[in-house]
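Asker: Mind looking at a prediction? Sequence and model below.
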Amino acid sequence: MKEQNEKPLLSFEEWESAWKKNWESAQMDYELPSSYVQEEKEFLTEVRSPEHEKERLVKINKEFEYGFKSLSEIGPAVTIFGSARFKEGERYYELSRSAGSAFSKAGFTVLTGGGPGAMEAANRGAHEAGGKTYGLNIKLPKEQHPNPYVNESYEFNYFFVRKVMLVKYSCAFIAMPGGIGTLDELFEAATLIQCKKIGPFPLILVGKEFWSGLRDFIAFMTTQGVFDIKEIGFAKIVDTPEEAVELVLKSLPHDFREQLKK
């Protein structure tokens with residue numbers, strides 16, 4: 001833990017200033033083309049009829065059916081996720097590439113969000129190792145193109161549907177260094193594990209230096225009474241993809257591990 005008198009990386013004033021600047025420049029327009037703004041405002045203010053909500057439910061159900069049908073035969077898989085901002089040659093891009101390769105060589109299909117950065121790197125590593133690898137791409141107003149290293153890309157409109165697919169068809173979640181999206185997926189899995197909705201389910205964070213701040217914050221949360229000390233073990237922090245592979249393999253039944261080698 002940091003000493004109490006140690007200066008934080010970002011002061012409260014800097015945080016407030018950054019938030020205000022972002023909020024004022026956004027105002028319903030960030031990540032949304034101007035043509036979407038009026039539609040979004042109307043959606044948030046209108047009274048929604050049962051008929052309209054049923055139409056939305058039909059779309060959601062169709063997307064779930066699409067996901068189940070598309071992924072039902074992919075075989076034993078792991079999900080690797082991380083920042084979309086890393087470039088080839090950068091430290092965490094190459095770490096993610098190694099992770100994709102290591103899990104592929106262990107016999108797993110590699111799933112990612114299908115985009116650039118750590119996702120591309122993991123798909124690339126698996127592809128270069130000769131394994132199966134797929135991208136579960138999300139449709140965004142600012143379009144995210146699938147990376148070129150997937151056997152196939154499956155596109156989703158809803159983040160929550162995509163997350164269900166990534167959990168449902170994976171033996172483990174492997175979190176590479178990443179930002180808000182990575183934390184969202186990480187804590188979704190952690191919440192499901194904490195509430196015993198899934199599990200035992202390996203959730204592994206790769207990169208001890210990167211994840212040290214999260215570790216410290218979780219420790220701080222326990223001192224504030226919002227997190228039980230017994231729940232700190234929701235994720236294992238390791239330094240190498242090889243450690244992650246070993247942990248995942250240990251979590252599986254012996255017969256299943258033998259099947260992976262074939």
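Answerer: Thanks, I have the structure now.
Asker: Only C-alpha atoms, please: export the helix or strand encompassing A122 in PDB.
Answerer: Assessed by DSSP states H and E, A122 sits inside helix 118-128. Output of helix 118-128 as PDB, limited to C-alpha atoms (Å, rounded to 0.1, in the frame of the first residue of the first chain):
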ATOM      1  CA  ALA A 118      -4.500  -6.700 -26.900                       C
ATOM      2  CA  MET A 119      -7.400  -8.400 -28.600                       C
ATOM      3  CA  GLU A 120      -5.700  -8.500 -32.000                       C
ATOM      4  CA  ALA A 121      -2.500  -9.600 -30.300                       C
ATOM      5  CA  ALA A 122      -4.100 -12.500 -28.600                       C
ATOM      6  CA  ASN A 123      -5.900 -13.600 -31.800                       C
ATOM      7  CA  ARG A 124      -2.600 -13.200 -33.600                       C
ATOM      8  CA  GLY A 125      -0.600 -15.300 -31.200                       C
ATOM      9  CA  ALA A 126      -3.200 -18.100 -31.400                       C
ATOM     10  CA  HIS A 127      -3.300 -17.800 -35.200                       C
ATOM     11  CA  GLU A 128       0.400 -18.000 -35.500                       C
END
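Asker: Tell me which other helices or strands that helix touches.
Answerer: strand 77-81, helix 91-105, strand 109-112, strand 133-138 (3 or more Cβ pairs under 8 Å, 6 or more residues apart in numbering; DSSP states H and E). Placement of C-beta: from N, CA and C, glycine included.
Asker: Tell me the buried residues in that helix?
Answerer: Buried residues in helix 118-128, counting neighbours by 16 or more other Cβ atoms under 10 Å, are found at A118, M119, E120, A121, A122, N123, R124, G125, A126, H127.
Asker: Include pLDDT and distance to T240 when you put those residues into TSV, please.
Answerer: Output for the buried residues of helix 118-128, formatted as TSV (pLDDT from 0 to 100; distance: Cβ to Cβ, whole Å):
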residue	pLDDT	distance to T240
A118	97	15
M119	96	19
E120	97	20
A121	98	15
A122	98	14
N123	98	19
R124	98	18
G125	98	13
A126	98	17
H127	97	20
